[in-house]
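1. no sequence on this one, just coordinates:
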């Protein structure tokens, strides 16, 4: 069982199961990653494993990042991520993390940054219904009332209004791994994951497996 892995979204495709049904899947190039730091309760107050992913040119890293990687004797890596563990004694600095730790049928949680859609209105951002389009109406895609005037005389924080849409870090939970390709470092995951092709993904074993099974999740 893997602690988790970093990867890159390649895109979506479809996979045909044993009954001939087309299943939408996402292809993820996961790893190989390298362990760049081991944190313990004695030195850092908690136990975790830090891994790095993605080669990068030296000029694109700042001095603190270069010094951190040089301290562990690792090559220059673009992305770093940390995973909490109970005991770091099972891990060794510099050892690789690959898709070998995952298996078909396993549930995983995938985190990534959603596609940014810029400044969006009420209908696109929140799914509001639109106003009348005929009979002289001037309220087609307007928000309508946003609150009382005299009291409170302002708009409460958190009011759903137009604004920046997308570009947020989210986690899609309980996705099923359809296939693991060890030769090409590929994970084939059922369904969609956050982000556009080429974006960074964080894949780790699902935390709510028991709840998903109880609900009949597939």
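-> Now that the structure is in, tell me what you want to look at. Model, not experiment: these values are computed from the prediction.
2. For the longest helix anywhere in the chain, buried residues please.
-> Longest helix in the chain by number of residues (criterion: DSSP state H): helix 63-71. Buried residues in helix 63-71, counted by 16 or more other C-beta atoms under 10 Å: 65, 68-69. (Glycine included, C-beta is placed from N, CA and C.)
3. who touches it?
-> Contacting residues not belonging to helix 63-71 are listed as 36-37, 52, 58, 61, 75-77 [C-beta atoms under 8 Å, 6 or more residues apart in numbering].
4. and if we set it to 10 Å?
-> 34, 36-37, 50, 52, 56, 58, 61-62, 74-78, 80, 93 (C-beta atoms under 10 Å, 6 or more residues apart in numbering).
5. Any of these buried? List them.
-> Taking 16+ other C-beta under 10 Å as the criterion, what is buried in the contacts of helix 63-71 is 34, 36-37, 50, 52, 61, 74, 76-77, 80, 93.
6. Filter the residues you listed down to just the ones in strands.
-> 34, 36-37, 50, 52, 77, 80 (DSSP state E).
7. For these, name the two members farthest from one another.
-> Maximum pairwise distance among these (C-beta to C-beta): 11.4 Å, between 37 and 77.
8. Out of the buried ones among the contacts of helix 63-71, flag the one nearest to residue 200.
-> Closest approach to residue 200 among the buried ones among the contacts of helix 63-71 (C-beta to C-beta): residue 80, at 10.8 Å.
9. Bridged to the closest one, which residues?
-> Using DSSP bridges, the beta-bridge partners of residue 80 come out as residue 52.
10. Could you measure from it over to residue 4?
-> Distance, residue 80 to residue 4, using C-beta to C-beta, to the nearest Å: 13 Å.
11. Kindly point out which residues are neighbours of both of those two.
-> Each of 33, 51 lies in contact with both residue 80 and residue 4 under the rule C-beta under 10 Å, 6+ apart.
12. where do the strands sit along this structure?
-> Shown for the chain, the strands assigned by DSSP E span residues 5-16, 22-30, 33-39, 48-55, 77-84, 96-97, 107-113, 119-120, 163-164, 169-181, 186-190, 200-205.
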